[in-house]
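K.L.:
sequence and predicted structure below; questions after.
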Amino acid sequence: MGKAVTKIRPQPNFDLQEPGMYKVLYLNDDQTAMDFVIETLVTVFNHSETIAKDITQKVHNEGSSVVAILPYEIAEQKGVEVTQLARTAGYPLQIKLEPVD
């Protein structure tokens with residue numbers, strides 16, 4: 001009778017990383033109506049009317065503002081959605097994504 005052979009199974013690597021979080025920023029321009037910006041913040045990002053007005057004012061005064069912090073895929077999808085709404089309405093609103101440090 002021969003010796004028993006012990007086989008070692010490789011262990012799976014479960015060290016998966018969570019998807020990174022991204023800041024969604026609105027950039028100010030001289031053509032996009034503030035009411036449109038407020039509307040997108042309420043409908044796309046589910047902000048209250050009051051918060052949406054505060055963010056819109058910050059975009060206007062400071063040139064940009066973070067409107068949400070989301071996982072990359074969701075941030076990208078919402079950015080595309082707002083951009084499409086803006087273009088359909090004839091506005092040049094720009095959206096920018098930045099990784100959270």
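P.N.:
Sure, I can see it.
K.L.:
tally of neighbours for Thr6?
P.N.:
By the measure other CB atoms under 10 Å, the count of residues near Thr6 is 5. Placement of C-beta: from N, CA and C, glycine included.
K.L.:
repeat that for Val100.
P.N.:
Val100 has 10 neighbours, counted by other CB under 10 Å.
K.L.:
look at it and report its pLDDT.
P.N.:
Val100 carries a pLDDT value of 95.
K.L.:
quick check: chain neighbours aside, which residue is closest to it?
P.N.:
Among residues not flanking Val100 along the chain, Met21 sits closest, at 4.3 Å (CB to CB, 6 or more residues apart in numbering).
K.L.:
quick check: that neighbour vs Ile55, distance?
P.N.:
Relative to Ile55, Met21 is positioned 18 Å away (CB to CB, to the nearest Å).
K.L.:
again, but for His47
P.N.:
From His47 to Ile55 the distance is 7 Å (CB to CB).
K.L.:
what touches both of the two?
P.N.:
Counting by CB atoms under 8 Å, 6 or more residues apart in numbering, the common neighbours of His47 and Ile55 are Leu41, Val67.
K.L.:
name the nearest residue to the spatially most central residue of the chain, sequence neighbours excluded.
P.N.:
Nearest residue to the geometric centre of the chain (CA atoms, centre = their mean): Ala75, 2.3 Å. Spatial nearest neighbour of Ala75, chain neighbours left out: Tyr22 (4.2 Å); criterion: CB to CB, 6+ apart.
K.L.:
just to check, the one you found is in contact with Glu98?
P.N.:
Yes: the pair Tyr22 and Glu98 passes the contact test of CB atoms under 8 Å, sitting 6.5 Å apart.
K.L.:
comparing those two, which residue is more hemmed in?
P.N.:
Neighbour count, other CB under 10 Å: between Tyr22 and Glu98, Tyr22 has more, with 22 against 12.
K.L.:
ok now the longest helix seen in the chain, how far from the chain's centre?
P.N.:
Determined from DSSP state H, the single longest helix within the chain is helix 72-88. Centroid separation between helix 72-88 and its chain, computed with CA atoms, centre = their mean, to the nearest Å, is 9 Å.
K.L.:
good, wrapping up.
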